[in-house]
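K.L.:
Sequence below, structure please.
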Amino acid sequence: MRPQVTTALAPSSALSTADRCDRCGAQAYVRVTLTSGGELLFCAHHGREHAEKLRNIAITIHDETGRLEDAPATATEDER
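P.N.:
Below is the predicted model of the structure:
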């Protein structure tokens, strides 16, 4: 009798400022693991633009675009 084996994917590590969009080079906020075994990184803009197609070819989509909402506001001209 064969032992029962359970498999699980390791959680994706957080994206850093060194991770860049494969499309435009901006900071990546979306990591897509493809069924073919490859990986793609996208900025928030290109992640949204290609989301529908990516869902069809992805095993996982790690989306950190929510971090953009947590970003501090920049000073306006009057506040400088």
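
K.L.:
pLDDT at the one residue sitting closest to the centre of the chain, what is it?
P.N.:
With distances taken as C-alpha atoms, centre = their mean, the chain has residue 30 as the residue nearest its mean C-alpha position (1.4 Å). pLDDT, residue 30: 97.

K.L.:
How about residue 2?
P.N.:
What the model reports as pLDDT for residue 2 is 58.

K.L.:
quick one: the residue nearest to the centre of the chain and residue 45 touch, right?
P.N.:
No. Counting by C-beta atoms under 8 Å, residue 30 stays clear of residue 45, with 9.8 Å between them. C-beta: built from backbone N, CA, C; applies to glycine.

K.L.:
quick revisit: where's the closest residue to the residue nearest to the centre of the chain other than its chain neighbours, which helix or strand?
P.N.:
Leaving aside its sequence neighbours, residue 30 sits nearest to residue 47 (C-beta to C-beta, 6 or more residues apart in numbering; 3.4 Å). Residue 47 belongs to helix 44-49 when assigned by DSSP states H and E.

K.L.:
How far off centre is that helix?
P.N.:
Mean-position distance between helix 44-49 and its chain equals 10 Å (C-alpha atoms, centre = their mean, to the nearest Å).

K.L.:
Next secondary structure element downstream of that helix?
P.N.:
Later in the chain than helix 44-49, the nearest helix or strand by DSSP H and E is helix 51-57.
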